[in-house]
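>>> need a structure here:
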Amino acid sequence: MTTSKPARKKSLLRLPLFELLSSMRFAVALLSILGIASVIGTVIQQSRPPQDYVAQFGPFWVKIFDFLGLFDVYASWWFVVIMLFLVLSTGLCLWRNIPPFVREMRSFRLKTTEKSLSLMAHSHVFPHTLSPQIAEQYLQAQGFQTRRDEREDAVLIAAKKGSLNKLGYICAHVALIVICLGGLIDSNLLLKIGMLSGRIVPDHTAQYASDFPPQSRLGAGNLSFRGDITLPEGQSTDAVFLSTGNNGFLVQELPFTVKLNRFHVDYYDTGMPKNFASDITVTDKHSGQSTDTTIRVNHPLKMNGVTIYQASFGDGGSPLEFDIWHLNDPAPQAQQLKVRSLSTVPLQLGSDEYQLSFTDFKATNVENIAEAEAGSFGTALKDVRSVRSSDTMQNIGASIRYDIRDQAGQAYQYMNYLLPQVRDNAAYYFYGVKKPDEPQFRWLGIPLDQDGGTQSFMLLRQAFNNPDMIAAVAEKTAVGVAPDYHDRAVKLADDVMRLFRQGGYEAIDTFIRTAIPAGEQEEMARLFYQIIASSTNQMLTEVLANNGLPAWEASEGRTRFVLDSLQAMTGLHHYPAPVLLQLRHYEEVNASGLQMTRSPGESLVYLGSLLLTLGAIFMFYLREKRAWVMIGNEHTRFAMSANRHRRDLDKEFPRHIGNLEQLIKDIPHESKP
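Presented below is the predicted three-dimensional model:
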């Protein structure tokens, strides 16, 4: 009866899963994915406001990119998972390879036989013997470490140098693990785990740090974070906001209080910012010690393990003054409105209630202006790109953005400038409008009169809403017409002006398409346009005289103003706001954009970089070489090998042969009997 031997337990190192995870191809694949992700994270600006991405990519692609985590690549779940697998793969690779590497580094290969030496690519036999002491001393003089093996029929001297070359592989792999661990520590991994467990809940409704509930607040002892705060001059903070994407925000408490004393900004002649800095006071909460310092771009302050960076700057709630016209009221006189930017005020227009939210005030705007398209104002409301295309940068003055929200919650975004802009040798005030999901503003341009203001335009607008003025202008427009056609000319001019008042040029075009036979439409269109242009020109004369304003002599500028006014009044029919706001004055209050980070993984990344540098030095500048001298009774065999740089060995090996031949001649050695 025979007994079967118990099956040997399969080594962990030989398991297929272990071999896959610890293989080089698996690690290279992970590194390739991380490399592609890093390129994406470089090309796409990270952690920007959602509306910026909508404007850049459109709503469709924003949903896809957001689902893939491309707007916060380095903290996305899949990036973190890949880094974890890379750490695991590299660690298993070290576990599998370090023991044989260490054995190889310590080994002199003393069991090498003459037959194996004869099979080496670099092997040579001397017909005479050499003293083992002399051979050993020669190899040591060449930088080799040596060991001697006394055998019955021969003496083997094994030598090696550059064994630390294999430390390069170890250092490089350890460096990769250390760098990934540093990245994982700073990747908000613990924060994501807290959010998944429900212990941490972002808030998307609170506006101020004090409004955030406890589950949306992180203590000052948080391991790592990267948060932002916009701090107006004269104000202080002891917390920053952490964005979690569409989930909302968290409040990160700080171990100190930061007060912005003053903000400085210098500009180039073109208006582009050259340098900006913040004078701050940092007060430690525990010791009460205060530190006054100035932080600049690339010159941060580090305190209590938190680094404060100068990241940006913006508006801090500047006092603003506006002229405001009620668009349903043709009165030319503007009312005054005084508000602060970054605030919301109610607007009551009869029975209708609106909310005006003033969001983004900029005292300086650098735009491309030299190549504005001549005559490109078309329908007056047009895409911003048609007036913002140039290679010349220039500061065009202050601007303000604001939202007007009705009782149903629907809102449009608006923008206008303090200063008029010149396009094709004519000056205009521009008023931008867009829906929240639209990428670009459309612009309404109101022309300036001979006094550089909008009074003449507003008077014309009032006149078009006055039936008596229309009738009077129609009568004067028909002066000089033959008596038989006078009444018909007056009636036609009156009808055309009333038609224009209802919807601008588009109302005229619609009437021609629907009421005029097709064969006569082109001729009637020319006639109607001539009538509205000449009637408006006459109306301008009347309103200037009636309001005691200087007469405007016939000129190209006057003609251009009349035609542009007709375009602007057409555009007003598509301007969705109940009011028209024009910025008149401001007092700038700056705010500093500070980014505060705690990055304990930064030290690990530096350590990993040092290890990677050492690894590169060991691998590329330490060349592992081995040499053997087998001294027999009748001859001496010399052989060499190298794991790399075979060409160098091709040059070095003949030199050693020559040196050993010379030693054999100079120092004869008697063979063993």
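
>>> how far is the helix or strand hosting residue 413 from where the chain is centred?
Under DSSP states H and E, the secondary-structure element containing residue 413 is strand 411-417. With CA atoms, centre = their mean, to the nearest Å as the basis, strand 411-417 stands 24 Å off its chain's centre.

>>> which strands and helices sit next to that strand?
If you count contacts as 3 or more CB pairs under 8 Å, 6 or more residues apart in numbering; DSSP states H and E, strand 411-417 packs onto strand 399-405, strand 426-434, strand 579-586. (Each C-beta comes from the backbone N, C-alpha and C, glycine too.)

>>> same list (the ones you listed) but as JSON lines, adding distance to residue 111, mean neighbour count and mean pLDDT.
Shown next, in JSON lines, are the helices and strands packed on strand 411-417 (distance: least, CB to CB, whole Å; neighbours: other CB atoms under 10 Å; pLDDT from 0 to 100):
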{"stretch": "strand 399-405", "distance to residue 111": "81", "mean neighbour count": "20", "mean pLDDT": "95"}
{"stretch": "strand 426-434", "distance to residue 111": "81", "mean neighbour count": "20", "mean pLDDT": "94"}
{"stretch": "strand 579-586", "distance to residue 111": "88", "mean neighbour count": "19", "mean pLDDT": "95"}
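
>>> reformat the ones you listed as JSON lines; add distance to residue 81.
Below are the helices and strands packed on strand 411-417 laid out as JSON lines (distance: least, CB to CB, whole Å):
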{"stretch": "strand 399-405", "distance to residue 81": "40"}
{"stretch": "strand 426-434", "distance to residue 81": "39"}
{"stretch": "strand 579-586", "distance to residue 81": "50"}
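
>>> which residues touch residue 661?
Residues counted as contacts of residue 661 (CB atoms under 8 Å, 6 or more residues apart in numbering) are residue 126.

>>> do you know how far it is from residue 138?
Separation of residue 661 from residue 138 (CB to CB, to the nearest Å): 12 Å.

>>> by mean pLDDT, point me to the weakest helix or strand of the chain.
Here the helix or strand of the chain ranked lowest by mean pLDDT, DSSP states H and E is strand 382-383, holding a mean of 40.

>>> against which helices or strands is the top helix by length along the chain packed?
Secondary structure of the chain read by DSSP state H shows that its longest helix is helix 483-515. Counting contacts by 3+ CB pairs under 8 Å, 6+ apart, helix 483-515 is packed against helix 455-464, helix 467-477, helix 521-546, helix 556-572.

>>> which intervals of the chain have sub-threshold pLDDT?
Where the chain drops to pLDDT under 70, the residues are 1-14, 246, 270-271, 368-393, 645, 668-673.

>>> go through it and flag its longest strand.
strand 249-267 (DSSP state E).

>>> check which residues of stretch 113-121 are buried.
114, 117 (16 or more other CB atoms under 10 Å).

>>> how about the strands in the stretch 251-400 of the chain?
Using DSSP state E, counting those that start in this stretch, the strands assigned to the stretch 251-400 of the chain run over residues 273-284, 290-296, 301-303, 306-315, 319-326, 335-340, 343-349, 352-362, 366-368, 382-383, 393-395, 399-405.

>>> just to revisit the earlier point, how about the longest strand of the chain: buried residues?
Those would be 249, 250, 251, 252, 253, 254, 255, 256, 258, 259, 260, 263, for strand 249-267 by 16+ other CB under 10 Å.

>>> what's the answer for stretch 334-353, then?
334, 337, 339, 340, 341, 342, 347.

>>> residues near the closest residue to the last one other than its chain neighbours, how many?
Pointing back at residue 347 there. Distances taken as CB to CB, 6 or more residues apart in numbering place residue 354 nearest to residue 347, at 4.2 Å, with adjacent residues excluded. Using other CB atoms under 10 Å, residue 354 is surrounded by 18 other residues.

>>> out of the helices and strands packed on helix 483-515, which comes closest to residue 327?
helix 556-572 (6.8 Å; CB to CB).

>>> let me know whether residue 584 touches residue 418 as I believe.
Yes. Residue 584 is within contact range of residue 418, at 7.4 Å (criterion: CB atoms under 8 Å).

>>> and the gap between the closest residue to residue 531 other than its chain neighbours and residue 464?
Spatial nearest neighbour of residue 531, excluding adjacent residues (CB to CB, 6+ apart): residue 496 at 4.7 Å. As judged by CB to CB, residue 496 and residue 464 stand 11 Å apart.

>>> from residue 275, how far out is residue 314?
Relative to residue 275, and taking CB to CB, residue 314 is found at 16 Å.

>>> more neighbours: which of the two?
residue 314 (16 against 12).

>>> bridged to the residue nearest to the more buried one when sequence neighbours are not counted, which residues?
Distances taken as CB to CB, 6+ apart place residue 591 nearest to residue 314, at 5.3 Å, with adjacent residues excluded. Beta-bridge pairing for residue 591 (DSSP bridges): residue 232, residue 314.

>>> so residue 591 touches residue 318, yeah?
No. Assessed by CB under 8 Å, residue 591 is found out of contact with residue 318, at 9.4 Å.

>>> okay, and the common contacts of these two?
In contact with both residue 591 and residue 318: no residue, using CB under 8 Å, 6+ apart.

>>> any idea which of the strands of the stretch 251-400 of the chain gets closest to residue 21?
strand 306-315 (36.0 Å).

>>> now the closest one: buried residues?
306, 307, 308, 309, 310, 311, 313, 314, 315.

>>> quick one: contacts for the closest residue to the first one other than its chain neighbours?
Residue nearest to residue 306 in three dimensions, not counting chain neighbours: residue 598, with 5.1 Å by CB to CB, 6+ apart. Applying CB under 8 Å, 6+ apart, we find residue 598 in contact with 222, 223, 224, 225, 305, 306, 307.

>>> tally of neighbours for residue 421?
19.

>>> kindly report the same for residue 64.
Going by other CB under 10 Å, the residues that sit close to residue 64 add up to 10.

>>> how distant is the strand or helix carrying it from the center of its chain?
For residue 64, the host element (DSSP H and E) is helix 59-67. Centroid separation for helix 59-67 versus its chain: 16 Å, with CA atoms, centre = their mean.

>>> just the CA trace of that helix, in CSV.
C-alpha atoms of helix 59-67 as CSV (Å, rounded to 0.1, in the frame of the first residue of the first chain):
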residue,chain,number,x,y,z
PRO,A,59,-24.1,72.2,-20.6
PHE,A,60,-23.9,68.8,-22.4
TRP,A,61,-20.2,68.3,-22.0
VAL,A,62,-20.1,69.8,-18.5
LYS,A,63,-22.4,67.0,-17.2
ILE,A,64,-20.1,64.3,-18.7
PHE,A,65,-16.8,65.9,-17.5
ASP,A,66,-18.3,66.4,-14.1
PHE,A,67,-19.4,62.8,-13.9
